[in-house]
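[1] Quick one: sequence and predicted model below, then my questions.
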Amino acid sequence: TQLLEQSPQFLSIQEGENLTVYCNSSSVFSSLQWYRQEPGEGPVLLVTVVTGGEVKKLKRLTFQFGDARKDSSLHITAAQPGDTGLYLCAGVSNFNKFYFGSGTKLNVKP
Amino acid sequence: EAGVAQSPRYKIIEKRQSVAFWCNPISGHATLYWYQQILGQGPKLLIQFQNNGVVDDSQLPKDRFSAERLKGVDSTLKIQPAKLEDSAVYLCASISGGREQYFGPGTRLTVT
């Protein structure tokens, strides 16, 4: 059983469209992270959000941490084929223990 | 700065055989993690080391899996005997003092 649920599981969109991926949990975390993983590679950290209600922007990516620090969202504006990959959220608890979500597989078609 | 190294990258074995994976974390990183990632799922923590001590191995199937981190640097993860359901990518990650995990490329294990 995954501690964090991500939705949707799969997303296939055209280049230029916007999308939002959700990460939900019943647990409170000290921080939440988003990673992107490409085939044959390990996940790469995109962002860490720490404060409830925090919003961080990374170029066309916007990350939000819920007020109660249980959920998060990732919004991509004008998606590009290079955004294709598996997006993972991870809740961070005390003692640097990481709980990963089930993942959202994004495919952006040119 | 060199990244996290893992070997082998791929391994195919028959069920009931043994297999070992090796991880060399980033120099100076005290905390090392082994994860199991089954196709289509997120990584699941198997074991967490702080230097050469185990912090958490609650999800490690200890009847068949073992791991060690001698001298607090390199680590090995062993499976003996392997089952079909062990087919997965085994990821190693390390962190220094903060929350940023650096992952290796993983070892893809296929058990036939």
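    Structure's in. What do you need?
[2] can we go C-alpha only for contacts and neighbour counts from here?
    OK.
[3] Would you mind naming what in chain A lies close to chain B?
    Counting by C-alpha under 8 Å from any C-alpha of the partner chain, the residues of chain A close to chain B are A:40-45, A:88, A:96, A:98-103.
[4] TSV for these, including distance to residue A:62 and neighbour count?
    Shown next, in TSV, are those (distance: C-alpha to C-alpha, whole Å; neighbours: other C-alpha atoms under 10 Å in any protein chain shown):
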residue	distance to residue A:62	neighbour count
A:40	26	12
A:41	24	15
A:42	22	23
A:43	19	26
A:44	17	18
A:45	14	19
A:88	15	27
A:96	24	18
A:98	22	23
A:99	21	21
A:100	19	26
A:101	18	26
A:102	20	26
A:103	17	29
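[5] among these, which two are most distant?
    Greatest spatial distance in the residues of chain A next to chain B: A:40 and A:96, 25.2 Å, computed using C-alpha to C-alpha.
[6] Contact residues of chain B facing chain A?
    Residues of chain B lying near chain A (C-alpha under 8 Å from any C-alpha): B:40-45, B:91, B:99-106.
[7] Narrow those residues to those that are buried.
    In the residues of chain B next to chain A, burial by neighbour count holds for B:41-45, B:91, B:99-106, counting by 16 or more other C-alpha atoms under 10 Å in any protein chain shown.
[8] From these, pick the one nearest residue A:51.
    Within these, the smallest distance to residue A:51 is 14.4 Å, found for residue B:99 (C-alpha to C-alpha).
[9] Any stretches of chain A with poor pLDDT?
    By pLDDT under 70, the low-scoring segments of chain A are A:1-2.
[10] how about the strands in it?
    Under the criterion DSSP state E, chain A carries strands at the ranges A:4-7, A:10-14, A:19-25, A:31-37, A:44-49, A:55-58, A:61-65, A:72-76, A:85-93, A:97-100, A:104-109.
[11] Any buried residues in the longest one, and which?
    Spelled out, it's strand A:85-93. Taking 16+ other C-alpha under 10 Å as the criterion, strand A:85-93 shows A:85, A:86, A:87, A:88, A:89, A:90, A:91, A:92 as buried.
[12] of all the buried ones among the residues of chain B next to chain A, which two lie farthest apart?
    Farthest pair in those, by C-alpha to C-alpha: B:41 and B:99, 21.9 Å.
[13] Residue A:89 is in contact with residue A:35, correct?
    Yes - with contact defined as C-alpha atoms under 8 Å, residue A:35 counts as touching residue A:89 (6.2 Å).
[14] which of the buried ones among the residues of chain B next to chain A has the weakest pLDDT?
    The member of these with the lowest pLDDT is residue B:99, and it reads 82.
[15] so of the residues of chain B next to chain A, which ones are in strands?
    Those of the residues of chain B next to chain A lying in strands (DSSP E): B:44, B:45, B:91, B:102, B:103.
[16] So residue B:33 versus residue A:96, what's the distance?
    10 Å (C-alpha to C-alpha, to the nearest Å).
[17] picking up where we left off before, distance to residue A:58 added to the residues of chain A next to chain B, as JSON lines?
    Converted to JSON lines, those look like this (distance: C-alpha to C-alpha, whole Å):
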{"residue": "A:40", "distance to residue A:58": "24"}
{"residue": "A:41", "distance to residue A:58": "21"}
{"residue": "A:42", "distance to residue A:58": "20"}
{"residue": "A:43", "distance to residue A:58": "17"}
{"residue": "A:44", "distance to residue A:58": "14"}
{"residue": "A:45", "distance to residue A:58": "12"}
{"residue": "A:88", "distance to residue A:58": "16"}
{"residue": "A:96", "distance to residue A:58": "24"}
{"residue": "A:98", "distance to residue A:58": "22"}
{"residue": "A:99", "distance to residue A:58": "23"}
{"residue": "A:100", "distance to residue A:58": "21"}
{"residue": "A:101", "distance to residue A:58": "21"}
{"residue": "A:102", "distance to residue A:58": "23"}
{"residue": "A:103", "distance to residue A:58": "20"}
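[18] Okay then, goodbye and thanks.
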